[in-house]
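Enquirer: Give the three-dimensional model of this entry:
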Amino acid sequence: MTQNKPPGKNIIISAAADGIGWSIANFSLDKGYNVYLSDINQKRIDEINEHPLINEKLFIDNVDAKNPDSVEKYFSSLKERITSIDALINNVGIAGPTGPMESLSISDWRNTIDINLNSHFYFTKHSIPLLKNNEGGSIINISSTAGLFGFPLRTPYVASKWAVIGVTKSLAMELGEFNIRVNAICPGSVSGDRMQRVIEAKAKSIGVSEEELKKDYESMVSLKTFVNKEDIANMALFLLSNEAHKISGQVMTVDGNTERMN
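Expert: Reported below is the predicted structural model:
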């Protein structure tokens with residue numbers, strides 16, 4: 001049976017069991033929001049199910065974001081709990097393969113596009129009616145500074161992140177009349193395990209040390225440092241706030257001012 005909307009904002013965050021998504025979730029809980037998470041990492045889901053706010057303000061489901069049937073099933077279940085949402089945060093993404101274009105497998109290319117781009121379509125398609133029921137709200141797409149620059153040896157990732165920005169720009173125009181704002185956040189190099197794996201893969205590909213490559217990445221940034229997942233969460237919470245009620249169709253970089261990517 002469909003329930004009335006619980007007190008507070010309802011926010012959906014995809015791929016949110018860890019990293020940037022989990023940081024946004026925690027910041028949102030601090031604001032008193034009702035946070036609906038999805039992920040495929042069952043180990044982390046089990047850990048989150050021990051959270052003191054689980055099934056009160058925090059909800060999590062196992063969803064394969066690149067599988068449209070899995071996403072549709074998730075939203076069917078979600079609609080039994082709530083009738084509207086205030087925000088969707090499309091956070092699904094992988095680093096994709098590292099290597100020259102001619103060496104990439106078709107399956108790796110398709111998998112990167114499926115996860116980084118098509119998942120955003122699936123979640124957004126099902127979220128728009130819930131946002132309209134709310135008479136407005138916000139969609140935040142997590143892109144990357146790789147969506148603003150060329151990035152050799154990372155072409156599938158770059159292609160998907162440029163596409164996310166294109167979707168953001170078009171959808172902001174499409175949904176403006178419904179008081180639905182659409183913006184993209186472009187993180188730079190974010191400290192953590194995922195960035196470390198990217199450095200390892202590229203260092204191996206080009207034959208340099210990981211330490212040397214990390215210093216090279218930092219040299220591309222005016223502030224000479226990586227950002228943290230909490231920096232991205234802060235930007236997301238700003239875009240969800242009343243202070244950002246006239247911001248739509250924008251690409252917000254949180255990167256210490258990336259000057260180049262190579």
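Enquirer: For S170, what are phi and psi?
Expert: phi -70, psi -40 (degrees, to the nearest 10).
Enquirer: Neighbours of it, how many?
Expert: 12 (other Cβ atoms under 10 Å). The C-beta positions use only the backbone N, C-alpha and C, and glycine is treated the same way.
Enquirer: Check what pLDDT it gets.
Expert: Listed pLDDT for S170 reads 98.
Enquirer: Please report how far it lies from V164.
Expert: 11 Å (Cβ to Cβ, to the nearest Å).
Enquirer: Also I140?
Expert: From I140 to V164 the distance is 11 Å (Cβ to Cβ).
Enquirer: and if you look at L53?
Expert: For L53 relative to V164 (Cβ to Cβ), the value is 30 Å.
Enquirer: Counting neighbours, go ahead and name the busier of these two.
Expert: More crowded of L53 and V164, by other Cβ under 10 Å: V164, with 22 against 12.
Enquirer: Might you report the residue contacts of that one?
Expert: Contacts for V164 (Cβ atoms under 8 Å, 6 or more residues apart in numbering) come out as N90, N116, L117, H120, N141, I142, S143, G147, A184.
Enquirer: Would you convert the residues you listed into a markdown table that also reports secondary structure, pLDDT and distance to E135?
Expert: Formatted as a markdown table, the contacts of V164 follow (DSSP: H, G, I helix; E, B strand; the rest coil; pLDDT from 0 to 100; distance: Cβ to Cβ, whole Å):
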| residue | secondary structure | pLDDT | distance to E135 |
| --- | --- | --- | --- |
| N90 | strand | 98 | 21 |
| N116 | helix | 98 | 31 |
| L117 | helix | 98 | 28 |
| H120 | helix | 98 | 23 |
| N141 | strand | 98 | 21 |
| I142 | strand | 97 | 25 |
| S143 | coil | 97 | 27 |
| G147 | helix | 93 | 30 |
| A184 | strand | 98 | 23 |
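Enquirer: which one is the residue nearest the centre of the chain nearest to, not counting chain neighbours?
Expert: Closest to where the C-alpha atoms of the chain average out (Cα atoms, centre = their mean) is N91, at 1.7 Å. Take N91 and drop its neighbours on the chain: the residue closest to it by Cβ to Cβ, 6 or more residues apart in numbering is G21, 4.2 Å away.
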